[in-house]
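**Q** below: sequence and its predicted model.
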Amino acid sequence: MARRSGVPARVGWCCFLVVALALGAMGQPPPSPRNEDDTPPPPNPRNGDDPWGGGDGNDPPPLPEIDWDFDDRHPRTEVKSYANGQQYRANYDKPNRIFTCKEDFGKKCIAQCPDLCPKSCSFSCSYCETTCRCVDFPGTSCGDPSFTGGDGVTFYFHGRRDQDFCLVSDTHLYINAHFIGNHNPANDRTFTWIQALGITFGDHRLYVGARKVVEWDDDEDHIEITLDGEPVNVDTANNARWVSRVLPDLSVKRIDTVNSVKVDLAGVFSISASAVPISDEDSKIHSYGKTMKDSLVHLDLRFKFHSLTNNVDGVLGQTYRMDYVNKMNVTAKMPIMGGAPKYLSSGLFSVDCAVSKFHRNVGNTHVLALAS
């Protein structure tokens, strides 16, 4: 009986050993076989091989240097590019205008005008971004001139050539715009654009204007700025910034090397201004009647206001009031705001339009308090 009982015991131990060996084999990674030509196989991390084929197994192989000077392929941007605030990679199959530069850290930036404005857009190398000049953002003024009000409605206000009109009149802030124009005898129409801003706050006068030229040069700066009659000189470099010694909360920053700036008065306003010409193509499309005597350089603008009161008025300012009622024909393809005489100012820094709300003493105190 003893011998008979020992047989099952030995059989049990044998089964246990077989199962244990099988489980141990399953836990081991398979060996790395060699290829048919006796060359080593690709690295197998499960076998403890270095996944990158060398080194300590943690560092990836170095990326190959990008050659930007090749003929068979188009170059690629080294930084993310944007268009109208959205990521947008240049597509060379599109006819959209392409910009190339080295951004602030020396990396290659290639950006492209978005489909909304394929041939005419602003470009900021620092941000590797293009922006349509006439996107209908609230506070935008563009071209012949169209405005997008604080209520989001876009409209035309033609003003009059060689005259000044109040865009914004509030207790502490007054902004006039100087209009230039060109008469086309072929269609007997006079077209107008904004050439300069006269901004009055407290006892200060800030001028932002586009310099008149016969022939436009993309590499030349056409922006002119003065504060209380003194020139404001900002280096022609990406992100170059000027800060007023008299009013430290007033600054001017370039958003491109030339022809585009952003003017900030902390707590009061932020104004982006770009000097742009009327091209021959623009003139042909819109029948502006441009001649060889003037490039009709003007300002495309975007305003942001931080402290308007509910009494604000002016062509643009009134659209920011809570009780503003739009009386234009909004069913028209492009509504037109009339009533030009009540917005007429006697000079670029005059605060005397018929709807003026400006009070210099109140303005000075208010602006200083907001800036602080």
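**A** Ah, there it is.

**Q** from now on I want contacts and neighbour counts done on CA atoms only, so please keep to that.
**A** Fine.

**Q** and Asp93, that one's in a strand?
**A** No - assigned with DSSP: H, G, I helix; E, B strand; the rest coil, Asp93 falls outside any strand and is coil.

**Q** pLDDT score assigned to it?
**A** If you check Asp93, the pLDDT there is 86.

**Q** cool, and the one 5 residues further on?
**A** Listed pLDDT for Ile98 reads 88.

**Q** so how far is Phe349 from the closest residue to it other than its chain neighbours?
**A** Excluding its sequence neighbours, the residue lying closest to Ile98 (CA to CA, 6 or more residues apart in numbering) is Gln112, at 4.3 Å. Distance, Gln112 to Phe349, by CA to CA, to the nearest Å: 39 Å.

**Q** look at these two and report which has more neighbours.
**A** Gln112 (28 against 21; other CA atoms under 10 Å).

**Q** tell me where the stretch 51-200 of the chain is predicted with low confidence.
**A** 51-73, 120, 134 (pLDDT under 70).

**Q** ranges for the strands of it?
**A** 82-83, 86-87, 98-102, 108-112, 121-124, 129-132, 140-142, 146-148, 154-156, 164-169, 174-184, 189-201 (DSSP state E, counting those that start in this stretch).

**Q** any chance of CSV for those strands, columns distance to Val234?
**A** CSV is the format used below for those (distance: least, CA to CA, whole Å):
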stretch, distance to Val234
strand 82-83, 26
strand 86-87, 29
strand 98-102, 20
strand 108-112, 23
strand 121-124, 16
strand 129-132, 21
strand 140-142, 24
strand 146-148, 28
strand 154-156, 32
strand 164-169, 26
strand 174-184, 22
strand 189-201, 18
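
**Q** which of those sits most buried?
**A** Most buried of the strands of the stretch 51-200 of the chain, by mean neighbour count (mean count of other CA atoms under 10 Å): strand 164-169, with a mean of 28.

**Q** what about Ala273, which SS state?
**A** Ala273, by the three-state scheme (three-state DSSP), is strand.

**Q** got the contact list for the nearest residue to it once chain neighbours are set aside?
**A** Spatial nearest neighbour of Ala273, excluding adjacent residues (CA to CA, 6+ apart): Leu301 at 4.7 Å. Counting by CA atoms under 8 Å, 6 or more residues apart in numbering, Leu301 makes contact with Thr140, Ser141, Cys142, Ile271, Ser272, Ala273, Ser274.

**Q** how far away is the most centrally placed residue in the chain from Ser81?
**A** With distances taken as CA atoms, centre = their mean, Thr131 lies nearest the centre of the chain, 5.1 Å away. Relative to Ser81, Thr131 is positioned 11 Å away (CA to CA).

**Q** ok, what's across the strand from the residue nearest to Tyr174 when sequence neighbours are not counted?
**A** Nearest non-adjacent residue to Tyr174, counting by CA to CA, 6+ apart: Thr200, 5.1 Å away. For Thr200, the beta-bridge partners are Tyr174, Arg205 (DSSP bridges).

**Q** list the contacts of Thr200.
**A** Thr200 touches Leu173, Tyr174, Ile175, Leu206, Phe349, counting by CA under 8 Å, 6+ apart.

**Q** go on, Lys119?
**A** Per CA under 8 Å, 6+ apart, neighbours of Lys119: Asn96, Arg97, Cys113.

**Q** and which of those is nearest Ser124?
**A** Cys113 (11.4 Å; CA to CA).

**Q** list the residues that contact the closest one.
**A** Ala83, Asn96, Arg97, Ile98, Lys119, Ser120, Cys121, Thr130, Thr131, Cys132.

**Q** how about a cut-off of 10 Å?
**A** 82-84, 88, 90, 94-99, 119-123, 129-132 (CA atoms under 10 Å, 6 or more residues apart in numbering).

**Q** check which helix or strand covers the residue nearest to Ala273.
**A** strand 298-305 (DSSP states H and E).

**Q** quick one: that strand to strand 174-184, angle?
**A** 150 degrees (axes from the mean of the first three to the mean of the last three CA atoms, to 10 degrees).

**Q** now the contacts of Thr200 in JSON lines, with distance to Val355?
**A** Formatted as JSON lines, these follow (distance: CA to CA, whole Å):
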{"residue": "Leu173", "distance to Val355": "13"}
{"residue": "Tyr174", "distance to Val355": "11"}
{"residue": "Ile175", "distance to Val355": "12"}
{"residue": "Leu206", "distance to Val355": "21"}
{"residue": "Phe349", "distance to Val355": "15"}
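
**Q** looking at the contacts of Lys119, spot the one nearest Val213.
**A** Looking across the contacts of Lys119 and measuring by CA to CA, the closest to Val213 is Arg97, at 24.0 Å.

**Q** next one, pLDDT for the nearest residue to Ala196 once chain neighbours are set aside please.
**A** The spatially closest residue to Ala196, leaving aside those adjacent along the chain, is Gly209, at 3.9 Å (CA to CA, 6+ apart). As predicted, Gly209 sits at a pLDDT of 97.

**Q** I figured Gly209 was touching Ser272, is that so?
**A** No - with contacts counted by CA atoms under 10 Å, Gly209 stays clear of Ser272, the gap being 11.9 Å.

**Q** which residues do these two both contact?
**A** Joint contacts of Gly209 and Ser272 (CA under 10 Å, 6+ apart) are Leu299.
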